[in-house]
Structure formats: structure tokens, C-alpha cells
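Chemist: output the structure for:
(chains A and B)
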Amino acid sequence: NSKVIQTPRYLVKGQGQKAKMRCIPEKGHPVVFWYQQNKNNEFKFLINFQNQEVLQQIDMTEKRFSAECPSNSPCSLEIQSSEAGDSALYLCASRDWGSSQNTLYFGAGTRLSVL
Amino acid sequence: GDQVEQSPSALSLHEGTDSALRCNFTTTMRSVQWFRQNSRGSLISLFYLASGTKENGRLKSAFDSKERRYSTLHIRDAQLEDSGTYFCAAEKNNAGAKLTFGGGTRLTVRP
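Modeler: Predicted coordinates for the structure are as follows:
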């Protein structure tokens, strides 16, 4: 189904530490999304890119999170100073642009635990 | 903001029975996608719809083409492997727009 690759699968950090996760979107997909899914199964949109450019991001992402999708390298999402409330499943997804079937394909996620 | 209301939140079915999940949108949406999430957290895409209906095996989904304010997912002849959490997600605009997710339906299929 999906060829989106996320690493690592699990990440454990202490409060105040940096936490970085990576995503390789499906080949040929220019649009990449990051979502956070909490323990109550609620999805929060964080940021999305078209190629290397940010399309949208929420306030939280602007302040404590940094993300990029450089050309010819994996996309990344980094939390500069982890907090307990950041413990969640971080999901990366990619999709094509302009086709009639804009299915969004998700990676398996990075499960972050902040101790 | 735009809301996606998914129902029911939990559902228990016996093998071989049929059921339907529903998502209502507080505003007109361009498209809807249905996913199943397994116990490891992987989100599997089931359907993407911009209009009409789609069917795949025992699953069938419909998107209200007129008002574009709801979508349904029908499960026919439920099997044990259908257990998982089902999410719908809808988008308002173009392919770069974020999807808004429903709260999920936790489905348990029992022998």
C-alpha cells in the first residue's frame, strides 16, 4: 500500500532534549505532511510542504518544532526542546499533486516518548 | 475550525454481519479518504473519493456528491481481520490542503 518510510520507529527522549525524526516520501510525490496523533487518537496537523516549500504550519510548529524537506534528502521533523506533552505518534504522509486520485499515503510513524 | 464528526466511536460486530460507519462534515468538503489503523499504528488507505461510490471486496464507501457534507463506509460480511480503528479524513481545497480527521471508530469483530 504505502511506500513512505519513517525512521526511527521508536524514540525515547528526556524533557528538554532534541528529538528528530525522518521521512522519505513516496517517489514522485511532491506534497508531504506531518501529523501528530495523541493517545486519544486525535490527529493534529503540524506542517506540510510542496517540494521544499512550506505550504501551511500551525503555531506550535513555528515555535518549538522545525521541519524541512530538502531536495534529494529525507524530510525531517525536529522538536527543539521536548516536553512530556509531545509524547505521541508522529505520522508522515505524501501525495501526488494534480492527479485525479490524490490519495494520501502514510508511513508507519515514529512513536515518541518523552520521559 | 472545520470539524469532522465520526460515528459510532466504537462498534462490536459478530463475524458475518454488516455495518456502516459515517462521517459528517460541518462544511462542504472537496474529498474524503478512509483509513484503517492497525494495532501497530500503521494507517492503511482504504478509499479516496471526490464523489460517488467505490467498492473494494467487502468494503464500500460513498461520498455525498450533492451537498458534500457526509461520507459512509459499509462493511459487509465482517471478518476478524477487519478489526481495527477506522478514520475518515476530509479536505476542503486542493492537494496541498491539510486533511481534517474524524475521531475514529474502534471496530471489534468477534467470532
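Chemist: A:Thr103 against B:Gln33, yeah?
Modeler: Yes: contact criterion CB atoms under 8 Å: A:Thr103 and B:Gln33 qualify, at 6.7 Å. (C-beta placed from N, C-alpha, C; glycine too.)
Chemist: anything in contact with each of the two?
Modeler: Between them, A:Thr103 and B:Gln33 share the neighbouring residues B:Ser45, B:Tyr48, with contact defined by CB atoms under 8 Å, 6 or more residues apart in numbering or on different chains.
Chemist: of the two, who's got more company?
Modeler: More neighbours sit around B:Gln33 than around the other of A:Thr103 and B:Gln33, counting by other CB atoms under 10 Å in any protein chain shown; the figures are 24 against 18.
Chemist: list the beta-bridge partners for that one.
Modeler: When assigned by DSSP bridges, B:Gln33 has beta-bridge partners B:Tyr48, B:Ala89.
Chemist: OK, contacts around it?
Modeler: B:Gln33 touches A:Thr103, A:Leu104, B:Ser45, B:Leu46, B:Phe47, B:Tyr48, B:Leu49, B:Cys88, B:Ala89, B:Ala90, B:Leu99, counting by CB under 8 Å, 6+ apart.
Chemist: which ones are touching the closest residue to the first one other than its chain neighbours?
Modeler: It stands for A:Thr103. What sits nearest to A:Thr103 in space, not counting adjacent residues and going by CB to CB, 6 or more residues apart in numbering or on different chains, is B:Tyr48, at 4.2 Å. By CB under 8 Å, 6+ apart, B:Tyr48 lies in contact with A:Gln101, A:Asn102, A:Thr103, A:Leu104, B:Ser31, B:Val32, B:Gln33.
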